[in-house]
Every structure is written in structure tokens, then in C-alpha cells.
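[1] One predicted model, sequence on top.
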Amino acid sequence: MKKVLERPKLTFWQIFNMSFGFLGIQFGFALQNSNASHMLQIFGADVEHLSLFWLAAPITGIIVQPIIGYYSDKTWGRLGRRKPYFLSGGILSAIALIFMPNASLLLFLPPVLMGAGVLMIMDASFNVAMEPFRALVADNLSDSQRGLGFSVQTALIGVGAVGGSLLPYLFSNYFSETAPKGQIPQNITYSFYVGAFILITSLLWTIFKTKEYPPSEYEKFYHAEPEEKSKGMRVIFSDFRKMPKTMKQLGLVQFFSWFALFSMWVFMSPAVAQHIYHVAPSDTSSKTFAQAGKWVGVLFATYNGVSAIYALFFLPVIARLTSRKITHAISLMAGCIGLLSIFFVTNPNMLILSMVGIGLAWGSILAMPYAILSGSIPAKKMGVYIGIFNFFITFPQIINGFFGGWIVKNMFGGQAIYAIVLAGVFMFCAAVSVMYVQTEEEVSFSDVQVINQLNQ
């Protein structure tokens, strides 16, 4: 049997450089998450149509990520294996970030359609950049260093998310936060420009500072036994039919969780504007509407920051003291309370407390389902089944995208706050349903963190 070599150990700064590009990706992604609904409303979108515009994210994710992952495994060129893909995705993402606030100036289509089109390109580009980037750390680090590698990546992801969410709020001190009807305010516009710059700069830093192993050298790190010959989509469909019982049960938990998250991302901005700031849906050029959108950015920065701290320092401890199922149930219940509490808030500052609960749920959602799942997956099928598990993330978002707006319009009278309440109810259902998941053998939480970071 051929001897398998261990990857050379890297220094902390080599690991930092390898992960630094993800900060820029997450910076741009956070700008999109916290501002897209606000911008689309400015361009003329009705509240009940927002979820349809957001469909681009899960649809492109379910299609683009597996394809990019498959081809990046088989690529080698002057830039390497993964770097050509996240560089091209990063360039397209930066272009979309620049065009998004200027959609009203592109006159060959109505601004709302241009904005929706740019949003779709942005989503697809982020997916192109993210998928091979996650694999880069696993490619380059030995088993003994992957925990450190993904901890560094987690920290940089959190920094990027907080920075991207906060930037429009910070820029409102220097640039106008209002604009003529149908145009994006300067504080948001310049935030997107800065986001594009940070995205490209951080990716270039990783590209120039990081080495990838060529195929001849990379093969030395594989185990000696022959791998199963790929049969393309037939293997994926076959494994989908044979998925473990634990995965099927977790699928229900994921459905409730991600339906709730999608509702929050889509409807938080109009819900805060209508319910907390008392802004009419048509009043998208007022200073109060701008303040509401700006504050949503702060709220999103808060829950992202809380989730990063919770996942890194508290989640593993709670899981060891209780169990993975109980830990996830407690965290999801905190998210339920956070979402439901928004309905009762009258002071915008109190929404920070709501975001703490949501941050606890978000941190657990990014980690604990993989902790519960991993013990039931055959080691040789880990990558395939983690890819299949992504279906349970995108499917509820697609369902929400098609029906969430209809529900808001026809059942909630256009009041977006009730979409947030519904999200809280779904988060409660997720907390209850996780307790009925039947788990297999125990696995170490450190291994789960690796799996989780590869699939955020």
C-alpha cells in the first residue's frame, strides 16, 4: 500500500492569508443581505413581491454550487485549482455591487427589474466565489491544523459580515442618507463601492499570498485505496434516495429554520419601517424610511457578531454539557423568542436584544445540524451527502420565495411584521422537531466544526 504523506504545517499568517479573501466575500454578501429589500423598495417593488426577487439566491445556490465544486475539483491552471473560480466570481460580484445602487440610471429596463437582475447576477457570483473558497482550506491544511484554519476563517467571516452590515450606518455621518424618489442614497451607494473594493482587494491578497498544491503533489495526500469512479448525476440521485434516516429527520428541522431565516432577510427592512418607524410602504424617499433601513444594517451586524462569538466560544461548551440536540433546540428557541419579540417592540434600540436571540439561533444553525448529522454519514460519502444536505437549506427558501409575498399580501394585509411573527413560529417548530431526530454514534465537535465551515 502506498504511503500517504501529511500536508506540511503552515504558520498562522499563512493560514490567515489563505482565509482573508472570505472577509471580502462576506462583506459584500452582508451589504446585499441588509440592503437589498430596502433598495428594491426604493426602485418601486411592492412589499409582497420582495420574496420573489430574493429567489435568485437559493435557486442559483442549488444549481451553481454543485457545478462549480465539481469542476474546481478537476481544474488546474496557472492560478491553481480553486483560485480561478473565486477570482472570477469575485470580479463579477464586485461589478454587481457597483451596478446595484445605479440600477435606476440604466434606462433600458424599469429600475426594479434592473435591480432584480443585478441582484440575481450578484447572488450567482457570490456562489461561484464561495464554493471553491471553502475547499481551499481543506486542500492546504493537514488534519491537525484544520481546526485552527476554520476558526480563523470563522473569525474573518464574522468581521466581514459585521463590517458590511454597519457600513451604510457609519457612512450616514458623512454622506446623505436620503435621495430623490427612485434613487439610492449616497451612504448606501458609497458603501457598495467600498464593498466592491474590499472584496477584490481581499481576494487578490489571498491569490498572491497563497500556494495551491499541483495535482502530482496533491495526490500524495490522498489515501491509497482507489476511489469510486464518478458517475455524475446518477451517483447524486442514487445517494439522495439512500440518505440516512437522521438526514431525513433533520431535513424537517432545516425546512423550518431556513424558512424562518429567509423571511427575516426579506421582510425585516419593511417590517421595521412599517411597524417600528410607522412609515407608509409608498414613502420610500423620506428620512424616516432611510433611518429604518440604516438601523436594519446595525441589527444585522449585531446578530452576525453574536453568532460568531457564540459559535466559537459557547456552543461547543453547551454541547459537551448537554447534547447536540438539546443545544440546537435551546438555540432555536432563543431565535424564536427574538423574532416574536420584534412584534412587541416600540423603541428601535430594544431590537438589539431581539437580535441577540436571533444571533444564538444563527450560530447554532451554521454548526449543530452538521454535528447531529455527521455520525450517520459514511466517511467516504461525507462530501456527497453534505452537498445533498444543502438541498434542505435552499428548498425552504425557494418555497418561501414563491409563497411568502402572497401570504403577506393576502393573509397579512401587506403588513410585513407578521412575516417576522410567522418566522418566529417556524423557528419554534424547528426547536421542537429537532428533539425527535434520531442520532447515530457520537462524533467530536471539532470534526463537526470543519464540516460546518466547509458548508456555510
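    Received it, and whenever you're ready, just let me know what you need. Numbers count the residues shown, from 1 in each chain.

[2] ok, then the element right after the helix or strand hosting residue 339?
    Using DSSP states H and E, residue 339 falls within helix 324-341. Downstream of helix 324-341, the next assigned helix or strand under DSSP H and E is helix 351-365.

[3] Going along the chain from that following helix, find the next helix or strand for me.
    Using DSSP H and E, the next helix or strand after helix 351-365 towards the C-terminus is helix 368-374.

[4] Dump the C-alpha coordinates for the helix or strand residue 404 falls within into PDB.
    Residue 404 is part of helix 391-410, with elements assigned from DSSP H and E. Taking C-alpha atoms only, helix 391-410 is exported to PDB below (Å, rounded to 0.1, in the frame of the first residue of the first chain):
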ATOM      1  CA  PHE A 391     -31.000  20.900  -0.600                       C
ATOM      2  CA  PHE A 392     -32.700  21.200   2.800                       C
ATOM      3  CA  ILE A 393     -31.300  24.800   3.000                       C
ATOM      4  CA  THR A 394     -32.300  26.000  -0.400                       C
ATOM      5  CA  PHE A 395     -35.700  24.300  -0.800                       C
ATOM      6  CA  PRO A 396     -37.500  26.100   2.000                       C
ATOM      7  CA  GLN A 397     -36.100  29.400   0.700                       C
ATOM      8  CA  ILE A 398     -37.500  28.700  -2.700                       C
ATOM      9  CA  ILE A 399     -40.900  27.800  -1.200                       C
ATOM     10  CA  ASN A 400     -40.900  31.000   0.800                       C
ATOM     11  CA  GLY A 401     -39.800  33.000  -2.200                       C
ATOM     12  CA  PHE A 402     -42.800  31.800  -4.200                       C
ATOM     13  CA  PHE A 403     -45.400  32.000  -1.500                       C
ATOM     14  CA  GLY A 404     -44.100  34.400   1.200                       C
ATOM     15  CA  GLY A 405     -45.100  37.500  -0.700                       C
ATOM     16  CA  TRP A 406     -48.500  36.100  -1.400                       C
ATOM     17  CA  ILE A 407     -49.000  35.300   2.300                       C
ATOM     18  CA  VAL A 408     -48.000  38.900   3.300                       C
ATOM     19  CA  LYS A 409     -50.400  40.400   0.700                       C
ATOM     20  CA  ASN A 410     -53.400  38.200   1.100                       C
END
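
[5] elements contacting the helix or strand following it?
    Counting by DSSP H and E, the element after helix 391-410 in chain order, helix or strand, is helix 417-434. Packed against helix 417-434, as judged by 3 or more Cβ pairs under 8 Å, 6 or more residues apart in numbering; DSSP states H and E, are the following elements: helix 245-271, helix 324-341, helix 391-410. The way it works is simple: take the backbone N, C-alpha and C, and place the C-beta from them, glycine included.

[6] Just send these back as JSON lines, with mean neighbour count, distance to residue 57 and mean pLDDT too.
    JSON lines is the format used below for the helices and strands packed on helix 417-434 (neighbours: other Cβ atoms under 10 Å; distance: least, Cβ to Cβ, whole Å; pLDDT from 0 to 100):
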{"stretch": "helix 245-271", "mean neighbour count": "24", "distance to residue 57": "9", "mean pLDDT": "93"}
{"stretch": "helix 324-341", "mean neighbour count": "23", "distance to residue 57": "20", "mean pLDDT": "96"}
{"stretch": "helix 391-410", "mean neighbour count": "19", "distance to residue 57": "7", "mean pLDDT": "91"}
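
[7] Just put the ones you listed in JSON lines and tack on distance to residue 127.
    Listed next are the helices and strands packed on helix 417-434 as JSON lines, based on distance: least, Cβ to Cβ, whole Å:
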{"stretch": "helix 245-271", "distance to residue 127": "16"}
{"stretch": "helix 324-341", "distance to residue 127": "25"}
{"stretch": "helix 391-410", "distance to residue 127": "10"}
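
[8] so where do the helices sit in the stretch 51-200 of the chain?
    Using DSSP state H, counting those that start in this stretch, the helices assigned to the stretch 51-200 of the chain run over residues 56-73, 83-99, 111-140, 143-171, 186-209.

[9] Out of the helices and strands packed on helix 417-434, flag the one nearest residue 64.
    Distance to residue 64, taken as Cβ to Cβ, is lowest for helix 391-410 among these, at 10.7 Å.

[10] any residues touching that closest one, and which ones?
    Helix 391-410 is contacted by residues 46-52, 54-55, 57-59, 61-62, 240, 250-251, 254-259, 261-263, 266-267, 414-416, 418-419, 422 when judged by Cβ atoms under 8 Å, 6 or more residues apart in numbering.

[11] cool, stretch 298-310 as well?
    Contacts of stretch 298-310 (Cβ under 8 Å, 6+ apart): 30, 33-34, 154-155, 157-158, 161-163, 165-166, 169, 268, 272, 331, 351-352, 354-356, 358-360, 362-364, 366.
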